[in-house]
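Asker: Quick one: sequence and predicted model below, then my questions.
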Amino acid sequence: MATATYHCVKAATRVIMGSPEEETGSADLAAFVRSYIAHLHLIILPPVVSLLAFFGSSRVGEGTTQEDALAVFLTTVGAFALATSVVVFLVFLGRTLLLGPVMILEGSRGKNALARSRYLISNRPFSPNVVGPMVGVLFACLLILIVLGVGLQVILSLALTAATGLQGQLGPGVSLFFQVVSALPYLGGIMLVLPLWGIVSTVVYFDRRVRFELLDVRMMAEDLRAGTRRTRLLR
């Protein structure tokens, strides 16, 4: 996913800047992948806590006061973590919308990249130029995931059922295999729609810089083609 985002940001930049395609250094890609993975814990932790709490609540016995109190406590923690996951996702999505372009095009890392992305998006964050592309790409991603996920899952389910018999008659091992294979369409859909997010974030990145930092994209593209100044933009 990080590799797809990296190359989509590069491709969108070349289209916007009107610059010829250049070779991409593997070190730059590796650095971005490391930074990309390092930030995932910010959004993964709340839903993981929620799932663990709900699972623990379902496994606690019933009957004693201590067990009932523990079950209520874990359910409360799970519900709170689930609500926190929604808030964290929305905040994380807004503040890190431009994280990919910032890390790739400006070479920023870690807290500096997060601060830079937050700075670019904080100026009129609910502008139609920001909200419109975000809502549009989220709707498109959801639609693609539903079509691919449901459609391919039905096809795989029919194929596996025809090959192995009725699903209710499957053994534990085959049933687990059936569930894993049925989840593959959704994983494939996520991999397919992820590049859309990289492209949209790159467009919004240049839009914010042109509007609020007076970036002259045309002049920068001419300088790049003429080789009159050094830049890390398309290394």
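Answerer: That came through, no problem.
Asker: which stretch of helix or strand covers I199?
Answerer: Using DSSP states H and E, I199 sits within helix 172-212.
Asker: Any chance you could give me stretch 141-157 in CSV, C-alpha atoms only?
Answerer: Written as CSV, here are the backbone C-alpha positions of stretch 141-157 (Å, rounded to 0.1, in the frame of the first residue of the first chain):
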residue,chain,number,x,y,z
CYS,A,141,-13.5,3.9,-2.7
LEU,A,142,-16.6,2.7,-0.8
LEU,A,143,-18.5,2.0,-4.0
ILE,A,144,-15.6,0.1,-5.6
LEU,A,145,-15.1,-1.9,-2.4
ILE,A,146,-18.8,-2.9,-2.3
VAL,A,147,-19.0,-3.8,-5.9
LEU,A,148,-15.7,-5.8,-5.9
GLY,A,149,-16.1,-7.2,-2.4
VAL,A,150,-19.7,-8.5,-2.7
GLY,A,151,-19.4,-9.5,-6.4
LEU,A,152,-16.2,-11.4,-6.1
GLN,A,153,-17.2,-12.9,-2.8
VAL,A,154,-20.4,-14.3,-4.3
ILE,A,155,-18.4,-15.8,-7.2
LEU,A,156,-15.8,-17.4,-4.9
SER,A,157,-18.5,-18.7,-2.5
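Asker: in that stretch, what counts as buried?
Answerer: Across stretch 141-157, burial judged by 16 or more other CB atoms under 10 Å covers C141, L145, L148, G149, L152, Q153, L156. Bear in mind the C-beta positions are built from the backbone N, C-alpha and C, glycine included.
Asker: just stretch 100-114 next, same as before
Answerer: Buried positions in stretch 100-114, judged by neighbour count with 16+ other CB under 10 Å: G100, P101, V102, M103, I104, L105, E106, S108, A113, L114.
Asker: what about it, how long is it end to end?
Answerer: 10 Å (CA to CA, to the nearest Å).
Asker: How many residues are close by C8?
Answerer: Neighbour count for C8, taken as other CB atoms under 10 Å: 21.
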